[in-house]
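J.: need the 3D shape of this:
(chains A and B)
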Amino acid sequence: MKETMQNQSGGLKRFDLQVIGSWIKPGSRVLDLGCGEGDLLLYLKQNKNVTGTGIENRESKVALCIAKGLSVLQGDINAEVLDYQEGAFDYVILSQTLQQVYYPERLLKSLLAIGRKVIVSFPNFSHWSIRMQVLLTGMAPKNEQLPYEWYNTPNIRIITLKDFRKFTRDQGCTVLKEVAINTNHHDTQGHIVSFLQDWRATYGIFLIGKGDKK
Amino acid sequence: MSEYIEHDKDGVSVGLVEKRYFTFAEPPDAMILESNASLGPITIAYETLGTLNEDRSNVILILHALSGDSHVAGYYSEDDQKPGWWEIMVGPGKGIDTDKYFVICSNIIGSCIGSTGPASINPSTGNPYGFDFPVVTIGDMVRAQKALLDHLGIEQILSVVGGSIGGMQVLEWAVRYPDMVVSAIPLATTTRHSALAIAFNEVARQAIMADPNWNKGKYYGSEKPNLGLALARMVGHVTYLSDEAMRRKFGRRLQNKNDFSFNFDADFQVESYLRYQGQKFVDRFDANSFLYITKASDYFDLRRQHGNDSETEAFAKAKARFLVISFTSDWLYPTYQSKAMVKAMKKNNLDVSFCEIEAEWGHDAFLLHNERLSALIKGFLDRNLVELRKK
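T.: Now for the predicted structure:
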């Protein structure tokens, strides 16, 4: 069940964003947390006619986004998400940021309040190469996706695919869709992993809804 | 706002512009002000730049701050020494591109640079109004601008743009005439003055009113309260800069001397600068106008006027897409005040962008050349034009 997504990405460089982009329904309202230079928002605006807003804390990136014609707010995501009306967005996207969040429980709760659905992507710390590094070197793992030392990494949360599934169960929300992806070292190309996900995926991407499926 | 009027460094300019006048509210149809006083006739000085397109979708209304005027950019004549006050932002290919947009800038009522204010002749006495001029508010200024736009046949404004007191007018426009305003750019501004801002204004006003020449506002035709006005301007200049800006600009450097004079001459460069700014100001500004406009800015309170004291409710009527910009070193209207309005806009589901630009020059940063600010404004305006035309 391999999906290839290289050609429909329309300018999206990061493979995980290509997957996320493919999940968004045309015309929806989207909030992108930690939107960087606005690549995903611009893609969604041009290709899916979404009404998008981004939140980003670095001034230079915010300025770039606004100059591109995007609606972006400078601020801290944990505080900024509190100001929106309930259900203000169809999708709230938290891509590759969860591992840097101090209070993931609190944040997820806020996101599910303001968004009908939440998309979360994060680096999978149970990838075989990370496991092997810990096992063989006895030191905190480092690689291209996580190039930091333990003492200067912004990635304060170590999450695996299994951990995240358990987290969603504990929080009482529903996983509507999940994929595990394996990307090359620039994260620009990749494929969806269906066999031995916990070991082989570099990232997990989850579409989450409120816990009313049961 | 300070004056930073300078030629464009690349020599790009919109070129020659002309100041025009529009008079309305002729008695008995005088304008009833927020204070319930009536004012009429009212003249507004205004300038336009660029060309109005056929579907009238490219109008940008620029609103000036305390000491500004309708002369936003360009030159009055070939040998004019100085361009308009926002020459760096407004012109061909600039942040506000006069090749694309039709720019209107009018002088506010209460001012002294072409529009009706305390120095104008009171038709019922034949003498200048002086302190008989009614107190005007930001809302009154905006209603007068609306009359001008009606006169020009403009029904929709692509963007209202302004900083400081101009930013207050931007907010007032967006809330008072939501169906006319497609987008709005409030720069370095607030929905209401803090006690600190009111305090500085009050010190400045007292400086004028304590000048014996002020004579309860009746000084036209005799000695003007120049000392008071200069002092008021000096206070203003302190609030327009920042600790960092002053450290960089002046530090503790002495002015043309190597040691203290041990008297009360201007020893420090900062003293000399403030004295110079004060003296320069009295040549071009009317002390009573300073009193009226600062009072209007102190009275401005979007929450009280439009929101039953709630910032969120104040923006309930607004429909515009907003770009809110603050500056890191602005201590007159600090970022928290911009964030409060952004929060209220978000709560109303308004489309808002916000950027706190890193700038060391304090409140005045919005008037200074800044590539980032120009790029932001340009991108935002272009987007609004494209999306308006799609409709």
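J.: where's the residue nearest to the spatial centre of chain B relative to chain A, distance?
T.: In chain B, the centroid-proximal residue (Cα atoms, centre = their mean) is residue B:65; its distance is 1.3 Å. Per Cβ to the nearest Cβ, to the nearest Å, residue B:65 is found 23 Å from chain A. Yep, even glycine has a C-beta here, placed from its N, CA and C like the rest.
J.: what residues are up against that residue?
T.: B:1, B:162, B:163, B:164, B:165, B:166, B:167 (Cβ atoms under 8 Å, 6 or more residues apart in numbering or on different chains).
J.: let's see 6 Å
T.: B:1, B:163, B:164, B:165, B:166 (Cβ atoms under 6 Å, 6 or more residues apart in numbering or on different chains).
J.: kindly state the pLDDT recorded for the first one?
T.: Spelled out, that is residue B:1. pLDDT recorded at residue B:1 is 65.
J.: which stretches in chain B count as strands?
T.: For chain B, the strands defined by DSSP state E occupy B:20-24, B:31-32, B:38-39, B:42-49, B:59-63, B:90-91, B:96-97, B:102-106, B:159-163, B:183-187, B:321-327, B:352-357.
J.: most tightly packed of those strands?
T.: Highest mean neighbour count of the strands of chain B: strand B:159-163, a mean of 29 (counted as mean count of other Cβ atoms under 10 Å in any protein chain shown).
J.: could you confirm whether that one reaches chain A?
T.: No - Strand B:159-163 is not in contact with chain A by Cβ under 6 Å from any Cβ of the partner chain; minimum separation 13.3 Å.
J.: how far off centre is that strand?
T.: Relative to its chain's centre, strand B:159-163 lies at 10 Å (Cα atoms, centre = their mean, to the nearest Å).
J.: for it, C-alpha coordinates in PDB please.
T.: In PDB, the C-alpha atoms belonging to strand B:159-163 read as follows (Å, rounded to 0.1, in the frame of the first residue of the first chain):
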ATOM      1  CA  SER B 159      -6.600  49.600   3.000                       C
ATOM      2  CA  VAL B 160      -6.500  52.200   5.800                       C
ATOM      3  CA  VAL B 161      -2.900  52.700   7.000                       C
ATOM      4  CA  GLY B 162      -1.500  54.800   9.800                       C
ATOM      5  CA  GLY B 163       0.900  54.900  12.800                       C
END
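J.: now it: average pLDDT?
T.: Rounded mean pLDDT across strand B:159-163 is 98.
J.: by contact count, what packs against that strand?
T.: Here strand B:159-163 touches strand B:59-63, helix B:165-176, strand B:183-187, going by 3 or more Cβ pairs under 6 Å, 6 or more residues apart in numbering or on different chains; DSSP states H and E.
J.: now these in TSV, with distance to chain A?
T.: TSV is the format used below for these (distance: least, Cβ to the nearest Cβ, whole Å):
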stretch	distance to chain A
strand B:59-63	16
helix B:165-176	16
strand B:183-187	11
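J.: skipping adjacent residues, who's closest to the residue nearest the centre of chain A in space?
T.: Among the residues of chain A, the one closest to the centroid is residue A:95, at 1.9 Å (Cα atoms, centre = their mean). Leaving out its chain neighbours, the residue that sits closest to residue A:95 by Cβ to Cβ, 6 or more residues apart in numbering or on different chains is residue A:121, at 4.6 Å.
J.: in the sheet, which residues pair with the one you found? Tell me.
T.: Under DSSP bridges, the beta-bridge partners of residue A:121 are residue A:95, residue A:205.
J.: can I get stretch B:366-378 in CSV, CA atoms only?
T.: Provided in CSV are the C-alpha atoms of stretch B:366-378 (Å, rounded to 0.1, in the frame of the first residue of the first chain):
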residue,chain,number,x,y,z
PHE,B,366,7.4,53.3,11.9
LEU,B,367,8.6,56.4,10.2
LEU,B,368,12.1,55.2,9.5
HIS,B,369,13.4,53.2,6.5
ASN,B,370,12.9,49.5,7.2
GLU,B,371,13.1,46.9,4.5
ARG,B,372,11.1,44.5,6.5
LEU,B,373,8.3,46.9,7.2
SER,B,374,8.1,47.9,3.5
ALA,B,375,8.0,44.3,2.4
LEU,B,376,5.3,43.4,4.9
ILE,B,377,3.0,46.2,3.9
LYS,B,378,3.6,45.6,0.2
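J.: and it, what's buried?
T.: B:366, B:367, B:368, B:370, B:372, B:373, B:374, B:375, B:376, B:377, B:378 (16 or more other Cβ atoms under 10 Å in any protein chain shown).
J.: near chain A, from the residues you listed?
T.: Okay, of the buried residues of stretch B:366-378 touching chain A (Cβ under 6 Å from any Cβ), that's B:372, B:375, B:376.
J.: how about the nearest residue to the second one once chain neighbours are set aside, phi and psi?
T.: Using Cβ to Cβ, 6+ apart and skipping the chain neighbours, the partner closest in space to residue B:375 is residue A:67 (4.3 Å). Per-residue torsions, residue A:67: phi -60, psi -30 (degrees, to the nearest 10).
J.: residue A:33 now?
T.: According to degrees, to the nearest 10, residue A:33 has phi -90, psi 130.
J.: for beta bridges, what are the partners of it?
T.: residue A:55, residue A:94.
J.: chain center to the helix or strand of chain B with the lowest mean pLDDT: distance?
T.: Every helix and strand of chain B was ranked by mean pLDDT, DSSP states H and E. The lowest is helix B:243-249, at a mean of 91. Chain-centre distance of helix B:243-249: 23 Å, with Cα atoms, centre = their mean.
J.: can you check stretch A:77-87 too?
T.: 17 Å.
J.: cool, stretch B:349-369 as well?
T.: On Cα atoms, centre = their mean, the centre of stretch B:349-369 falls 15 Å from that of its chain.
J.: so for it, mean pLDDT?
T.: On average, stretch B:349-369 scores 94.
J.: ok, stretch B:104-117 next?
T.: 98.
J.: what segments of chain A are helices?
T.: Ranges of helices in chain A, per DSSP state H, are A:15-23, A:39-48, A:59-67, A:77-80, A:104-114, A:128-137, A:161-170, A:197-200.
J.: hmm, who's touching the longest one?
T.: Read that as helix A:104-114. By Cβ under 6 Å, 6+ apart, helix A:104-114 touches A:78, A:81, A:84, A:86, A:88, A:89, A:92, A:101, A:118, A:171, A:210.
J.: may I see these organised as a markdown table, with pLDDT and neighbour count added?
T.: Formatted as a markdown table, those follow (pLDDT from 0 to 100; neighbours: other Cβ atoms under 10 Å in any protein chain shown):
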| residue | pLDDT | neighbour count |
| --- | --- | --- |
| A:78 | 95 | 15 |
| A:81 | 96 | 25 |
| A:84 | 95 | 21 |
| A:86 | 94 | 8 |
| A:88 | 95 | 19 |
| A:89 | 97 | 24 |
| A:92 | 98 | 28 |
| A:101 | 91 | 19 |
| A:118 | 97 | 26 |
| A:171 | 93 | 15 |
| A:210 | 89 | 14 |
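J.: up against chain B, what does chain A have?
T.: Looking at chain B, the residues of chain A close enough under Cβ under 6 Å from any Cβ are A:59, A:62-63, A:66-67, A:69, A:71-74, A:83-85.
J.: turn those into a markdown table, columns for distance to residue B:362.
T.: Formatted as a markdown table, the residues of chain A next to chain B follow (distance: Cβ to Cβ, whole Å):
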| residue | distance to residue B:362 |
| --- | --- |
| A:59 | 17 |
| A:62 | 21 |
| A:63 | 19 |
| A:66 | 22 |
| A:67 | 24 |
| A:69 | 29 |
| A:71 | 28 |
| A:72 | 25 |
| A:73 | 23 |
| A:74 | 19 |
| A:83 | 28 |
| A:84 | 32 |
| A:85 | 35 |
